Structure formats: C-alpha cells, structure tokens
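> Sequence and computational prediction follow.
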Amino acid sequence: MSRALPQVEPDPSIPERVTVYEVGPRDGLQNESAVVPAAAKAEFVRRLLAAGLTTVETTSFVDPRWVPQLADAEEVLGLLGDEGRGARRPVLVPNVRGLDRALAAGVGAVAIFGSATETFARKNLNRSLEESVAMFAPVVERARAEGLWVRAYVSMCFGDPWEGPVPVPQVVDACRRLMDLGCDQLSVGDTIGVGTVGHVHRLLEGLDAAGIGPERTGVHFHDTYGQALANTLAALRDGVTVVDASTGGLGGCPYAKSATGNLATEDLVWTLEGAGVETGVDLDALVETSAWMAGVLGRPSPSRVVKALTGG
C-alpha cells in the first residue's frame, strides 16, 4: 500500500521514543454489540504484533455475565499460545477469581481497574472505593508473588457522567491507593473524553507530587470531544512515554454510555511519526489491520488516518 507520509519535523518538547499500549483487542472489542469469534480475536492480536506493537492487551477475565463479548478469554489465549503470554501481553482481571483464571492460562501480566469516583466504582465494580481497594489488594499481592507485571487503571479521572467534574486531589488519592498496593504502572483514564490540555497538566503535576512520576504513568484518552490527541501531546510534554490507544479507534465503556471510542492508534502513530518520535510501529500494516477488523465488524473504521489512507 502506498501512502502519503507526514513531513518529519522533530519536536524536542516530547520524548524521542513512545510506547503504544494497544488496547484494541480488549477495550476496543468489549463494547461491540456483536461478539467477535475467538479465531478473529486471535488473528487481530497476531496482526497487531506483526505491525510492530510490542504491548498488546489481549483480553479480560471479567465475569462473562458482565462482559459477554470477552467470555472466550481462555480460548483466545489458547489460540495465541506463546504469542499471548509474557509481560507485554496484559489481561484485565477484576478479582482473585479472575486472577486464578488468568494464571491458569499462563499469562505474564495483569491489569486491575479502579475508579476515581464513588458512583462509577459502584456501577462498575458493585463496591465502594474503599471496598474496591480491599478487593484488589490480594490480587496485586498474589500477582506479584507469581512474578507478574501489574498495571492499575483508574477510570473517571477527568470527569464523571453522574458526579460531574472530579477534583484533581480526589483523583490523585484514588491513584495513590492502587499504586501503593504494589502496581508497576498507572493508567489514568479520561473515560468520557471531557479532559482538556490544562487539566492534563494539573493532574500529572498532582500525581508527580504524590510520588507517581511520569515514568510510571500511562494515559488513556477517549475522543468524545475530539481532545484525545491534544491531551496525549500534553501528557508527552510532561514526560509521559506510555500512551494507550486502540486500533481503528474502537472502544468505549459498557458502564458509561457517554464514553465513545479510544484514541485511534493510527492517528497517534501518524502524529508521532511527524514529530520524529520512534514507536516501532509500521503504519501501513496497522492501517491494513484496521481495515481488516472493520470488515470483521461490518462497519468502517472511525480513525481519520485509516479513512484518509484507504479512501474509506
């Protein structure tokens, strides 16, 4: 596939290398109305790896009653074999039961998912903030004892559809509680996409002051209001080097209907290529993968870059 290339103008204000944390197979597919076959999910992961994405979140071990789209986690990992294991292939786990399933499947990394607000914690986990931290404590302890890499997601860091604006100190406290359990990396999520550049700077500044520096922090922006890419660049300028993105801009949140798609991986890679930033990702292969998954889902990709490069 021949394509236009962004003119490279190095930007010294952002890191020279950025890790794209690909969430398409998990966060991207969990909100689809139709269930994607396990074989297609495994093929999706393989294509992403072939495109140069080194960190790919493969699936979720949440109770299938709550996220039926990912009920085939064991089957998908079985199909992937060694390609689905290791510290660069995290899976989402909600509790000790989910961790048991993940360990039985031979995974090398897990992610827990908390909330910055009380309302979302109850809607998403059916627990208060305090109760959710207590639930995650044995998960992290056992995962670390088993030698697993552990990530902590925190949702609603920039706004909540039920509670409205979320004070930065409240978010920092929620993040600190999960990181104090012993997690390796934090991902701050703008679950409903309301964050803006100044807000990003304030939150990262607050996290840094609390001992959670940019070297331990990833960012996860949804593009509801078209701010995901701008917010990502703001985070990079504050020293963050891990960015969550979803191929084709797939995704949302089954418990927050105002949450639309994630930052599209292709849009992120295009921007970073133009800034002279190394990602290791082959944009051509990534676009082809996105077009392939759009065919599986039966609808066009919402990624602007995919549309531009495929004429779709």
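On my side now, so go ahead. Since we're looking at a predicted model, the values are computed, not measured.
> List the buried residues in stretch 271-289.
Going by neighbour count (16 or more other C-beta atoms under 10 Å), the buried part of stretch 271-289 is 271-273, 275, 277, 279, 281, 283, 285-289. Glycine gets a C-beta too; all of them are placed from N, C-alpha and C.
> Look up how far residue 71 lies from residue 250.
Separation of residue 250 from residue 71 (C-beta to C-beta, to the nearest Å): 18 Å.
> Neighbour count for those two, which is higher?
residue 250 (27 against 17; other C-beta atoms under 10 Å).
> Check whether the more buried one really touches residue 30, as I assumed.
No: with contact defined as C-beta atoms under 8 Å, residue 250 does not count as touching residue 30 (9.4 Å).
> how far away is residue 283 from residue 295?
For residue 283, the distance to residue 295 - C-beta to C-beta - is 19 Å.
> for residue 210, same thing?
Distance from residue 210 to residue 295, counting by C-beta to C-beta: 45 Å.
> Between the two, which has more neighbouring residues?
Counted by other C-beta under 10 Å, residue 210 and residue 295 do not tie: residue 210 has more neighbours, with 14 against 11.
> which stretches of the stretch 201-312 of the chain have low pLDDT?
252-260, 312 (pLDDT under 70).
> Which parts of it are strands?
Taking DSSP state E, counting those that start in this stretch as the test, the strands found in the stretch 201-312 of the chain are 217-221, 242-245.
> What about residue 71? Give its phi and psi, please.
phi -70, psi -10 (degrees, to the nearest 10).
> Quick check: closest non-adjacent residue to it.
residue 64 (3.5 Å; C-beta to C-beta, 6 or more residues apart in numbering).
> Using the three-state scheme, assign the one you found.
On the three-state scheme (DSSP: H, G, I helix; E, B strand; the rest coil), residue 64 is labelled coil.
> I'd say it and residue 70 touch.
Yes: using C-beta under 8 Å, residue 64 is in contact with residue 70, at 7.5 Å.
> neighbour-wise, which of the two wins?
Per other C-beta under 10 Å, whichever of residue 64 and residue 70 has more neighbours is residue 70, with 25 against 13.
> what sits against the nearest residue to the more buried one once chain neighbours are set aside?
Nearest residue to residue 70, sequence neighbours excluded (C-beta to C-beta, 6+ apart): residue 60, at 4.5 Å. For residue 60, the contacting residues are 26, 30, 67, 70, 73, 91-93, by C-beta atoms under 8 Å, 6 or more residues apart in numbering.
> Next one: residue 60 relative to residue 51, how far apart?
22 Å.
> ok, and for stretch 141-161, which residues are buried?
143, 148-161.
> do the same with stretch 96-111
Quick answer for stretch 96-111 (16+ other C-beta under 10 Å): 98-99, 101-103, 105, 107-111.
> What about residue 89, how many residues nearby?
Residues within reach of residue 89, counting by other C-beta under 10 Å, total 24.
> Between the two ends of stretch 146-162, how far is it?
38 Å (C-alpha to C-alpha, to the nearest Å).
> ok, which stretches of the stretch 1-150 of the chain are strands?
Under DSSP E, counting those that start in this stretch, the stretch 1-150 of the chain gives strands at 19-22, 55-56, 59-60, 91-92, 109-115, 149-155.
> contacts for the second one?
By that I understand strand 55-56. Contact with strand 55-56 is made by 19-22, 24-25, 45, 48-49, 88-90, as judged by C-beta under 8 Å, 6+ apart.
> tell me which of those is nearest to residue 171?
residue 21 (19.6 Å; C-beta to C-beta).
> Just the helices from the stretch 101-250 of the chain, written as ranges.
118-125, 129-145, 168-179, 197-209, 228-237 (DSSP state H, counting those that start in this stretch).
> And these: which comes nearest residue 9?
Using C-beta to C-beta, the helices of the stretch 101-250 of the chain put helix 228-237 closest to residue 9, at 13.7 Å.
> which ones are touching the closest residue to residue 302 other than its chain neighbours?
Using C-beta to C-beta, 6+ apart and skipping the chain neighbours, the partner closest in space to residue 302 is residue 249 (4.3 Å). The contact partners of residue 249, taken as C-beta under 8 Å, 6+ apart, are 223, 261-264, 267, 301-303.
> Mind doing that once more with 10 Å?
By C-beta atoms under 10 Å, 6 or more residues apart in numbering, the contact list for residue 249 reads 24, 28, 222-223, 228, 260-268, 290, 301-306.
> before we move on, what about residue 128?
So residue 128 contacts 115, 118, 121-122, 134 (C-beta under 10 Å, 6+ apart).
> repeat for residue 135
Contacts of residue 135 by C-beta under 10 Å, 6+ apart are 94-96, 112, 114, 125-127.
> circling back: find the pair from the buried residues of stretch 141-161 with maximum spatial separation.
Largest pairwise distance in the buried residues of stretch 141-161, by C-beta to C-beta, is 32.5 Å, between 148 and 161.
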